[in-house]
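Engineer: Structural data only, the sequence is not supplied:
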């Protein structure tokens, strides 16, 4: 975006600069020509009038303080008191034909005008300085430069305004697309006007609405299916308890089949329960039942309930306002993941920080691959694609992350410097804010 704005500004600035230079240059040239032509016409008219009046006894001399004159008789200067160095030969040739002629010259770095005309055998010449006109032209050049620079600055400012006006909806579209990509399917952009960008914004809104509807339909379908499966699965779970009791008394193949059915039924039940939990997160129906909890005691109960006696604990006495059931889900998922995919010893640490309670779960396994870290909390993501369905649904860490977010907390994953993965849960001790 910044590059596009820069390109627009440079383009507009160049266009404005070229236009301003062209306009100022044209104005300067035109005004200069007008000044010189007016001065030239006035000087020639005055010169011809003086020559015509020289026969009058009251006539002014041919030259005055602003001009000088030379009279030639048959091409020579009578008395030799005047120099012909300032009279160009080309001008003399024209005057010799009998026409009134003039020519601009530069003498000693100063601009001037030399005029001449022929009357009988006499040639009259007069030179006039153009110092005042040159000063006016110099001032005009300064004004032209000032106008050009001012126009360039104004052009850049207007280009900046135009670029912002053009890029504002583009920035809004970019921000909306980022939010949509992050999962905020309710994102929409404001449609302004009826130009091409407005059409793009309208198309974006239509696409986002269609995507939101599709995702909502898919989530509703998953929730409905999961809900419908719970009742038969509850009955099947009761049957699996009987199968577990009878499996040792059955033949080898029958016992193996009974244990397989029992295990798969439990896996399916866990998957359905996880899907139901995820659907509650998506629908916004999940709310924490907050109460004051002894976090160290709650973690101890979680480990004891699952017979994870080998887990090393370092639990500071910390209390916090949170949902104990959801804390149990988070800790169970983190410790279970460490035991399954890491290596012992697995340790759980609880400590307090100002305004926060921190729970860390670490293991001594190979750690998390850098390519896995950005997706470790994604739903249904499995770092090892060869893992079978019975080894997990891929929803445990996602549910733990959602529960942390529900408390306005954070759950992050990383690697220890000396090896092994570390999951850090941070929850506000005062409850969700």
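Structural biologist: Ah, there it is. In this text, all values refer to a predicted model and were calculated from it rather than measured experimentally. Numbering: from 1, shown residues only.

Engineer: domains of this structure?
Structural biologist: With automatic domain parsing as the criterion, the domains of the chain are listed as 2-138, 216-283, 291-428.

Engineer: What helices and strands are in contact with the helix or strand harbouring residue 175?
Structural biologist: Using DSSP states H and E, residue 175 falls within helix 131-181. Packing contacts for helix 131-181, counted by 3 or more Cβ pairs under 8 Å, 6 or more residues apart in numbering; DSSP states H and E, involve helix 2-52, strand 110-119, helix 196-246. All C-beta atoms are positioned from the backbone trio N, CA, C, and that covers glycine.

Engineer: what is the mean pLDDT for that helix?
Structural biologist: For helix 131-181, mean pLDDT is 79.

Engineer: Measure how that helix sits relative to strand 110-119, angle-wise.
Structural biologist: Computed by axes from the mean of the first three to the mean of the last three Cα atoms, to 10 degrees, the angle separating helix 131-181 from strand 110-119 equals 130 degrees.

Engineer: centre of the chain versus helix 131-181, how much separation?
Structural biologist: Here helix 131-181 is found 21 Å from its chain centre; the criterion is Cα atoms, centre = their mean, to the nearest Å.

Engineer: hey, which of the domains of the chain is tucked in deepest?
Structural biologist: With neighbours taken as mean count of other Cβ atoms under 10 Å, these reach their highest mean count in domain 291-428, at a mean of 17.

Engineer: what's the first-to-last distance across that domain?
Structural biologist: Across domain 291-428, the terminal residues are separated by 13 Å (Cα to Cα, to the nearest Å).

Engineer: start the count at 229, not 1, going forward
Structural biologist: All set: I'll call the first residue 229, so the last point we hit is now domain 519-656.

Engineer: quick one: contacts for residue 468?
Structural biologist: By Cβ atoms under 8 Å, 6 or more residues apart in numbering, the contact set of residue 468 is 489, 490, 493, 494.

Engineer: same question, residue 560
Structural biologist: Going by Cβ under 8 Å, 6+ apart, residue 560 touches 530, 534.

Engineer: looking at the domains of the chain, which is closest to residue 422?
Structural biologist: Minimum separation from residue 422 across the domains of the chain (Cβ to Cβ) falls at domain 230-366, 22.2 Å.

Engineer: how far does the closest one sit from the chain's center?
Structural biologist: 59 Å.

Engineer: shouldn't residue 555 be in contact with residue 525?
Structural biologist: No. Residue 555 lies out of contact with residue 525 (Cβ atoms under 8 Å); the separation is 10.9 Å.

Engineer: so what's in contact with those two at the same time?
Structural biologist: Counting by Cβ under 8 Å, 6+ apart, no residue touches both residue 555 and residue 525.

Engineer: The closest residue in space to residue 344 that isn't next to it in sequence: what's it in contact with?
Structural biologist: In space, and not counting its chain neighbours, residue 344 is closest to residue 323: 4.0 Å by Cβ to Cβ, 6 or more residues apart in numbering. By Cβ under 8 Å, 6+ apart, the contact list for residue 323 reads 329, 344, 345, 346, 351, 353.

Engineer: give me the element residue 323 is part of.
Structural biologist: Going by DSSP H and E, residue 323 is in helix 317-324.

Engineer: ditto for residue 653
Structural biologist: strand 649-656.

Engineer: Tell me which strands that strand pairs with, and in which orientation.
Structural biologist: Strand pairing for strand 649-656, using DSSP bridges, gives strand 584-590 (antiparallel), strand 638-643 (antiparallel).

Engineer: mind checking which of those is nearest residue 508?
Structural biologist: Nearest to residue 508 among these is strand 638-643; the distance by Cβ to Cβ comes to 17.9 Å.

Engineer: is it true that residue 457 touches residue 500?
Structural biologist: Yes. Between residue 457 and residue 500 there is a contact under Cβ under 8 Å: 5.0 Å.

Engineer: Could I get the average pLDDT for stretch 518-535?
Structural biologist: 93.
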